[in-house]
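# Fold the stuff below for me.
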Amino acid sequence: MKDPVRKLAVLGSPIAHSRSPALHRAAYRVLGLPWEYGSAEVASGELGGFLSGLDDSWRGLSLTMPLKREILPLLGGRDAVTDLVGAANTVLFDDGRVLGFNTDVYGAEMMLAECLPGTLRRALILGSGATASSMLAALARRGVEEVVVAARTPENAGGLITVADRLGVAIAVGGFDTDPGAPDVVVSTLPGTAESGGGFSQELRSSVPLVDIAYDPWPSAVAGHWLEAGGVVNSGLGMLIHQAIAQVRIFVGGDPGRVLPDEEGVLAAMREAALGRS
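Numbering: from 1, shown residues only. The predicted structure is shown next:
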């Protein structure tokens with residue numbers, strides 16, 4: 001008996017740049033599943049209406065900005081990581097239930113381990129949205145004890161402060177002119193076109209590595225400032241790939257920790273897709 005066609009999609013606004021469809025389609029090809037994965041432009045305030053229009057053929061959704069917090073009151077259950085950071089990037093439809101998961105923390109932790117395997121104690125985070133909360137949790141898992149947050153609107157960073165308190169991480173929040181001190185890493189959670197970042201000193205940009213969750217356009221505006229200073233830059237493709245494979249585990253087996261059949265082959269196919277080679 002053939003596997004039924006199941007539908008999935010990534011939602012957000014803007015969404016045209018997303019590489020999630022390419023990654024997920026590559027994964028389901030390797031797994032031999034006839035699943036459809038698309039994308040949909042869904043702006044703030046439109047998520048409830050979108051969900052109400054789905055039928056039983058839908059298996060799940062990937063969420064990007066501005067929906068990772070808007071989904072929370074629409075969920076019938078959620079994992080511990082979602083509760084910790086107050087944001088979900090994954091929705092699973094399971095026997096009439098709408099379940100939420102956060103795979104961003106896992107993706108960020110894996111990315112940090114790959115590009116910065118050394119000791120981390122202090123970090124500068126650019127931005128204060130839902131992804132910043134996930135990055136904060138990943139940094140705490142890597143041993144970071146103190147963060148400085150530079151945000152366009154510092155007064156909107158209450159959610160991030162709450163997460164830091166839960167994790168026992170010291171946090172200071174300010175604008176983009178804030179003194180970053182001496183961080184071990186700078187993490188940008190800003191959109192790729194955001195110009196903030198050029199105000200940081202030449203010394204900081206040349207000596208402290210940047211981890212930028214953006215990947216399109218590339219280099220991002222922030223990464224461009226680091227490259228101009230001769231600094232080390234890591235793009236968000238690593239996080240994208242690792243959070244996506246955790247999503248595939250959820251959609252296929254209902255559990256972000258359940259290893260996929262031929263997971264090495266799936267991961268290789270997703271890496272090729274992320275680079276536009278499939």
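
# And Thr189, how far from Leu139?
Using Cβ to Cβ, to the nearest Å, Thr189 is found at 11 Å from Leu139. Yep, even glycine has a C-beta here, placed from its N, CA and C like the rest.

# now do Met65
For Met65, the distance to Leu139 under the criterion Cβ to Cβ works out to 20 Å.

# out of the two, which sits in the busier spot?
The residue with the greater number of neighbours, taking Met65 and Leu139 and applying other Cβ atoms under 10 Å, is Leu139; the counts read 28 against 19.

# Could you look up the SS state of the nearest residue to that one once chain neighbours are set aside?
Leaving aside its sequence neighbours, Leu139 sits nearest to Ala123 (Cβ to Cβ, 6 or more residues apart in numbering; 5.1 Å). Judged by DSSP: H, G, I helix; E, B strand; the rest coil, the three-state class of Ala123 is strand.

# May I have the beta-bridge partners of Ala123?
For Ala123, the beta-bridge partners under DSSP bridges are Val147, Val185.

# Let me know how buried it is, in neighbour terms.
Other residues within reach of Ala123 by the criterion other Cβ under 10 Å amount to 26.

# Please name the residues that touch it.
Contacts for Ala123 (Cβ atoms under 8 Å, 6 or more residues apart in numbering) come out as Leu139, Val144, Glu146, Val147, Val148, Pro183, Asp184, Val185, Val186, Val187.

# Asp56 - how many residues pack around it?
Look at Asp56: counted by other Cβ under 10 Å, it has 10 neighbours.

# Can you tell me the SS state at it?
Going by three-state DSSP, the secondary structure assigned to Asp56 is coil.

# What average pLDDT does the helix or strand containing Pro21 get?
Pro21 is part of helix 20-31, with elements assigned from DSSP states H and E. Averaged across helix 20-31, the pLDDT comes to 97.

# cool, stretch 74-90 as well?
Over the span of stretch 74-90, the pLDDT mean works out to 97.

# tell me which residues in that stretch are buried?
Using 16 or more other Cβ atoms under 10 Å as the burial criterion, the residues of stretch 74-90 that qualify are Leu75, Arg78, Asp79, Val81, Thr82, Leu84, Val85, Gly86, Ala87, Ala88, Asn89, Thr90.

# could the residues you listed be laid out in JSON lines, adding distance to Glu264 and secondary structure?
What follows is the buried residues of stretch 74-90, written out as JSON lines (distance: Cβ to Cβ, whole Å; DSSP: H, G, I helix; E, B strand; the rest coil):
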{"residue": "Leu75", "distance to Glu264": "32", "secondary structure": "coil"}
{"residue": "Arg78", "distance to Glu264": "29", "secondary structure": "strand"}
{"residue": "Asp79", "distance to Glu264": "25", "secondary structure": "coil"}
{"residue": "Val81", "distance to Glu264": "24", "secondary structure": "helix"}
{"residue": "Thr82", "distance to Glu264": "28", "secondary structure": "helix"}
{"residue": "Leu84", "distance to Glu264": "29", "secondary structure": "helix"}
{"residue": "Val85", "distance to Glu264": "29", "secondary structure": "helix"}
{"residue": "Gly86", "distance to Glu264": "33", "secondary structure": "coil"}
{"residue": "Ala87", "distance to Glu264": "29", "secondary structure": "coil"}
{"residue": "Ala88", "distance to Glu264": "27", "secondary structure": "coil"}
{"residue": "Asn89", "distance to Glu264": "24", "secondary structure": "coil"}
{"residue": "Thr90", "distance to Glu264": "22", "secondary structure": "strand"}
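
# Just put the residues you listed in TSV and tack on distance to Val10.
Conversion of these to TSV gives the following (distance: Cβ to Cβ, whole Å):
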residue	distance to Val10
Leu75	18
Arg78	19
Asp79	19
Val81	19
Thr82	17
Leu84	23
Val85	19
Gly86	20
Ala87	15
Ala88	13
Asn89	9
Thr90	10
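
# in the stretch 51-200 of the chain, which spans are strands?
Assignment of strands within the stretch 51-200 of the chain using DSSP state E, counting those that start in this stretch yields the ranges 58-63, 77-78, 90-94, 97-101, 122-126, 146-150, 170-174, 185-188.

# Now do the longest one against strand 90-94: the angle between them, please.
With axes from the mean of the first three to the mean of the last three Cα atoms, to 10 degrees defining the directions, strand 58-63 sits at 170 degrees from strand 90-94.

# Brilliant, that's me finished.
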